[in-house]
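Engineer: How does the following fold in three dimensions:
(2 chains)
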Amino acid sequence: MKYKVFLIGIILLLQMFILLIPASFKNALAYQDTLEKIKNTGVLTWGFDAEGGAPYVFQDPKNPSKLIGFEVELVYAIARELGVKVQHFQNSWDSILLSLQRGDFDIALNGIEITPDRKQSVLFTRPYYVYTEQIVIRAFENRINSLDDLHGKKVGTLYNTVAKRMLDEMGDVNVSTYSGQVEPFKDLLLSRIDAVFVDFPIASYYAASNPQLRFIGQPVGEGYYGIAVRQEDNALAEKLNKIIEKLARDGELKEIYKRWGLWGSLQEKLFLHEGLLQRYAEMPPSISDRVPITITTFLPTLLKGALVTIGISILSMMLAVALGLFLTITRLYGNKWLQKISTAYIEIYRGTPLLIQLYILYYGLPNIGITLSAFAAAILGLGMNYAAYEAEIYRAGIEAIPKGQTEAAQSLGMSRRLTLKRIILPQALRVAIPPMTNDFIALFKDSSLVSVIAMVELTKSYSILAAASMNFFQLGIITALLYFGMSYPLSLYARRLEKKLRHNDQNK
Amino acid sequence: MIKINNLFKRYKEQPLFNGLSLDITKGSIVAIIGPSGSGKSTLLRCINGLVAFQGGYISINGYVLHGFNEQSYNKADVEITVKNIRKKVGMVFQQFNLFPHMTVICNITEAPIHVLGISKAEAESDADSLLRKVYLEEKAYRYPDQLSGGEQQRVAIARAMAMKPEIILFDEPTSSLDPEMIDEVLSVIKELTHEGITIVIATHEMGFAKDISTEVVFLEKGKIVEHGSPKEVFCNPQSERTKTFLSRFVKIQ
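Structural biologist: Numbers count the residues shown, from 1 in each chain, chains lettered A, B, ... in the order given. Take a look at the predicted model:
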């Protein structure tokens, strides 16, 4: 009987797998060739990340349901040439090539720099844009005049970009990495960083019109954006190459780039000279591609991230424990107003997402003149959030102490304060330790959320490495193991404590 | 020494004491008997300020606690009065209420050190002699959960004695003990009666009450039904209620 149940279970599980498989391979199975598929269905599916921002692809501020940007216009021009419609596919920029490989969309076109390591996993068309990297500084900054002056400075850039790799290779630049394009400029204005080093189109859109910021130095690190397609889609790549050439010859590309303030001598070079494709193919690999990602390069990065994770977790837990205790005592024993304030604090912090709290702390507070460093904001954010949970644990602990304990202490002449300090809290904390340990494990994992405020801890280190190397699987397993290796001893400890407490209770 | 005058106490709108008065003279040993729910425990708790009451007053050695509905009630004064009263009045509870996170000796020295400000060494030598009096000197460094109920209650008595009180209130000290442990606690209490301390004890141990007390109060539904010497109350009760109540115990004995 037992075997039968087991067998049926296995069969059901296998069936589920079989049902799942076609879902991911459907596109590839139905059409051998993507170009053929696009023509037959009349739809070109385009992968991009609108969160990446202006001037590439972004929501029209006047009409958020509409996407605008120079790449939007380019894609629609391409689709028109193909005689098909465009279907949008929003995808996180970090994993855009991975999703392309998986078959989520036909082309990835979103400021993707053509680099030899990416060419190993996808096929690029001929370049549609020549980019350079641009240094942006505050208008009154006078220490920085060129790329060399960035040594030893705090410089903001974007994840997984050529600019980031250039900064890394300079060695002693203190690099802050962001996933959004607005944030580095915000932090530059707040003097959290000394300079921003990003692709020219981004600098042009966000900083050129701001009188508090200025460009400095010659454009450096010339490179190309290309349209990425799957490796086997040679026919599609050929077709796209012809369309790009045609758009360039017709002057339509020039029109588009001019509208977005992106037309310059560099683009002229790209489109007015024949044989550029040839020249591009012969180019030596850029500096950034000399270091392949191997265990010797990624393990130190991950371990460094793990150290940051541990540091943030311990410091924010210390804050949570202390602030939580203060909240509980004011809530249980404070005057009417203190009670109301503590209760409100606990409810608000438990009732709103930690992510929003972190955003408000880091990007919101500067609006009222309080500028916190990323590290301080991370610890405050996590600590203040967990304080609300700790407060509830202490309250439960205090309320679990029998009334007789207070009566006995008071009958001995102990004041309320002394009773709390000597009799109630020591017992309540004993009850609270196992749930506190569990909370610490949860906080430990929640610490990955602080990556949104430019903190590079373990999870962020992983996603940067994984996006750069396209190795989400093995790196993911290693990162998960690192987390597990840190949290498992804690849960063992929590379990032992719980057992010990239960044992003590049984002895009574 | 203790004067309870016209005590009014309501509990959840239910009147518990409706003008109760009782005088207790210094050195007397008063047994309060009566059925469960008659107000014995609450009366003891009113005396040392653990429970507030609406009307009347309780005076202990000149410190006066007023009911909080009285005009003479003053919240600021109450705290000081209660503090002073508790220095003179010790209490032993039905559930012992030892501090489980402290050893026996620390349970005893806790209040002398932190409330009276006595040095640790002095408090510990006092505690040693108290532990000898309750026959537990070898259990000084045990934790409460390592002791039997009878032993815990004897520690609780030593803990109350460590504050050198003039009055000790016992709230049914043997009611949650196994029968074989009752005697060891009662004999310790009996020895206290020779030390000149005023004792008020709420109890169901009629034989013991008759044996040690100088006065017996029979309380029922918050009213003093009978008050007199043990001989008067036990051998010649005046009211029918007392007779019925006592007859149950006589039958068992």
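Engineer: So, low pLDDT: which residues of the stretch 251-400 of chain A?
Structural biologist: The stretch 251-400 of chain A contains residues with pLDDT under 70 at A:269-294.
Engineer: the helices in it, which residues?
Structural biologist: A:252-259, A:265-272, A:276-282, A:295-333, A:336-351, A:354-359, A:374-399 (DSSP state H, counting those that start in this stretch).
Engineer: which stretch among those helices comes nearest B:Met102?
Structural biologist: helix A:374-399 (17.5 Å; Cβ to Cβ). (Glycine included, C-beta is placed from N, CA and C.)
Engineer: Pull out the buried residues from that closest one.
Structural biologist: A:374-375, A:377-395, A:397-398 (16 or more other Cβ atoms under 10 Å in any protein chain shown).
Engineer: which of the helices of the stretch 251-400 of chain A is buried the deepest?
Structural biologist: Highest mean neighbour count of the helices of the stretch 251-400 of chain A: helix A:374-399, a mean of 22 (counted as mean count of other Cβ atoms under 10 Å in any protein chain shown).
Engineer: Quick one: residues in contact with the following helix or strand past that helix.
Structural biologist: Toward the C-terminus, helix A:374-399 is succeeded by helix A:403-411 as the next helix or strand (DSSP states H and E). Identification of contacts with helix A:403-411 by Cβ atoms under 8 Å, 6 or more residues apart in numbering or on different chains yields A:418-419, A:422-424, A:427, B:45, B:48-50, B:86, B:89-91, B:93, B:95, B:97-99, B:111, B:156, B:160.
Engineer: Strands along chain B, start to end?
Structural biologist: B:2-11, B:14-24, B:29-33, B:55-60, B:63-66, B:89-92, B:167-171, B:198-202, B:215-220, B:223-228 (DSSP state E).
Engineer: Name all residues that make contact with the closest residue to A:Ser92 other than its chain neighbours.
Structural biologist: Leaving out its chain neighbours, the residue that sits closest to A:Ser92 by Cβ to Cβ, 6 or more residues apart in numbering or on different chains is A:Asp49, at 5.9 Å. The contact partners of A:Asp49, by Cβ under 8 Å, 6+ apart, come to A:57, A:90-93, A:96, A:110.
Engineer: how near is A:Asp49 to B:Lys139?
Structural biologist: Distance of A:Asp49 to B:Lys139, computed by Cβ to Cβ, to the nearest Å: 72 Å.
Engineer: Chain A contacts on chain B?
Structural biologist: Counting by Cβ under 8 Å from any Cβ of the partner chain, chain B comes close to chain A at B:45, B:48-50, B:83, B:86-87, B:89-91, B:93, B:95, B:97-101, B:110-111, B:114-116, B:145-146, B:156, B:159-160, B:163.
Engineer: Quick one, which of those are buried?
Structural biologist: For the residues of chain B next to chain A, buried by 16+ other Cβ under 10 Å: B:45, B:48-50, B:83, B:86-87, B:89-91, B:93, B:95, B:97-101, B:110-111, B:114-115, B:156, B:159-160, B:163.
Engineer: follow-up on the earlier one: can you list the helices of the stretch 251-400 of chain A in CSV and add distance to chain B?
Structural biologist: Written out in CSV, the entries for these read as follows (distance: least, Cβ to the nearest Cβ, whole Å):
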stretch, distance to chain B
helix A:252-259, 75
helix A:265-272, 75
helix A:276-282, 75
helix A:295-333, 15
helix A:336-351, 15
helix A:354-359, 34
helix A:374-399, 13
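Engineer: Can you add distance to B:Lys40 and give the ones you listed back as TSV?
Structural biologist: TSV is the format used below for the helices of the stretch 251-400 of chain A (distance: least, Cβ to Cβ, whole Å):
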stretch	distance to B:Lys40
helix A:252-259	93
helix A:265-272	97
helix A:276-282	99
helix A:295-333	30
helix A:336-351	35
helix A:354-359	54
helix A:374-399	27
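Engineer: A:Lys164: which of the ones you listed is closest?
Structural biologist: Once the helices of the stretch 251-400 of chain A are compared by Cβ to Cβ, helix A:295-333 is nearest, at 12.9 Å.
Engineer: From the contact counts, what lies against the closest one?
Structural biologist: helix A:336-351, helix A:374-399, helix A:425-446, helix A:458-469, helix A:472-507 (3 or more Cβ pairs under 8 Å, 6 or more residues apart in numbering or on different chains; DSSP states H and E).
Engineer: In the stretch 101-250 of chain A, what residue lies closest to chain B?
Structural biologist: A:Arg192 (47.3 Å; Cβ to the nearest Cβ).
Engineer: Report the secondary structure state of that residue.
Structural biologist: Taking DSSP: H, G, I helix; E, B strand; the rest coil as the rule, one finds A:Arg192 in the coil state.
Engineer: Any stretches of the stretch 151-253 of chain B with poor pLDDT?
Structural biologist: In the stretch 151-253 of chain B (pLDDT under 70), the answer is B:250-253.
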